[in-house]
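**Student:** what's the 3D shape of this:
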Amino acid sequence: MRVLLVEDEALVRMLGVDVLEEAGYEVMEAGNADEALRIMEEHSGIKALFTDVDMPGSMDGLALAHTVHARWPQVKVLVVSGKVRPAPDELPPGGVFMGKPYEPAGLVRQLREMLVG
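**Tutor:** Sure, this is the predicted structure:
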């Protein structure tokens, strides 16, 4: 299954990619929301968006999550942050929030639950 990971901090992004690839996912990565939307437009078959909230660029991760949900409602959305904790109504319908730092096994478990359920 293909997952798009959006994280502006390169080391955190690399760790996330490693964790998800080891769990068997095909991972595409972006450093900001604009890049993520380009990838979404150019590549079909993305099943989940995994995005940090705090990012530079034209929109943060919450705005990206809502944009992706509006344009690709079948894509599951997982939002993470170590700085803010969005209220449930700030997430798109069906969106899930996880705080940072997260345990790699917890990330994989949450993603599997979202994609299977």
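
**Student:** can you map out the helices along the chain?
**Tutor:** Taking DSSP state H as the test, the helices found in the chain are 10-22, 33-42, 61-71, 104-116.

**Student:** so which bits of the third one are buried?
**Tutor:** Read that as helix 61-71. Buried residues in helix 61-71, counted by 16 or more other Cβ atoms under 10 Å: G61, L62, L64, A65, H66, T67, V68, H69. In short, each C-beta sits where N, CA and C put it, glycine included.

**Student:** tell me which of these is nearest to V77?
**Tutor:** Using Cβ to Cβ, A65 is the member of these that lies nearest V77, at 4.7 Å.

**Student:** isn't the closest one up against T51?
**Tutor:** Yes - with contact defined as Cβ atoms under 8 Å, A65 reaches T51; the gap is 6.1 Å.

**Student:** got any residues that touch both of those two?
**Tutor:** Taking Cβ atoms under 8 Å, 6 or more residues apart in numbering as the contact criterion, the common neighbours of A65 and T51 are V77, V79.
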